[in-house]
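Colleague: Mind folding the following:
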Amino acid sequence: MSKPRVYADFHNADPHGRLRLNCVGTVEDLSQQQVELREGLVLTLYSDDLDNTGQLDELLVDGIVSFSEEEHCWVAVIDWAAIRHASTGQSAQPDGRPTPAAGPASPDQYRV
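Modeller: Numbering: from 1, shown residues only. Predicted structure coming up:
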């Protein structure tokens, strides 16, 4: 069974680093796919991002759903280091840039 693919705002994290699953895009995706959140459900979460040429290149990460009693909303536990771009499967840094391959970094890798 494939994991539901659901929008998440990667800037909407709780103090524990879990993504809150309460933004409009998330609610719309869950409704359209008729996904009911439950403890332990695994989702593929995505957020809009652009590549170096300005083309859409979504960020993706798998998350495990749980309910936050503290905040009274559903959240997803993610591995922030596992965020990747859809086009390459590479992990991305917090600022959205691809994680450089092992070895010395080239200054051109970080040109915006």
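
Colleague: which residues of the chain score low on pLDDT?
Modeller: When the per-residue scores of the chain are filtered using pLDDT under 70, the ranges that remain are 1, 89-112.

Colleague: switch the cut-off to 50
Modeller: In the predicted model of the chain, residues 92-112 satisfy pLDDT under 50.

Colleague: how about the helices in this protein?
Modeller: With DSSP state H, the ranges of helices along the chain come out as 24-33.

Colleague: Okay, strands next: where are they in the protein?
Modeller: Under the criterion DSSP state E, strands of the chain are mapped to 5-7, 19-20, 42-47, 59-68, 73-78, 84-85.

Colleague: Including distance to Ala13, could the ones you listed go into CSV?
Modeller: C-beta coordinates here come from the backbone N, C-alpha and C atoms, glycine included. Output for those, formatted as CSV (distance: least, CB to CB, whole Å):
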stretch, distance to Ala13
strand 5-7, 15
strand 19-20, 6
strand 42-47, 11
strand 59-68, 11
strand 73-78, 9
strand 84-85, 18
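
Colleague: out of the ones you listed, which comes closest to Val35?
Modeller: Evaluated over the strands of the chain, closeness to Val35 peaks at strand 5-7, with 6.9 Å, by CB to CB.

Colleague: re earlier: from the strands of the chain, which stretch is densest packed?
Modeller: Among the strands of the chain, ranked by average contacts under mean count of other CB atoms under 10 Å, first place goes to strand 19-20 (a mean of 22).
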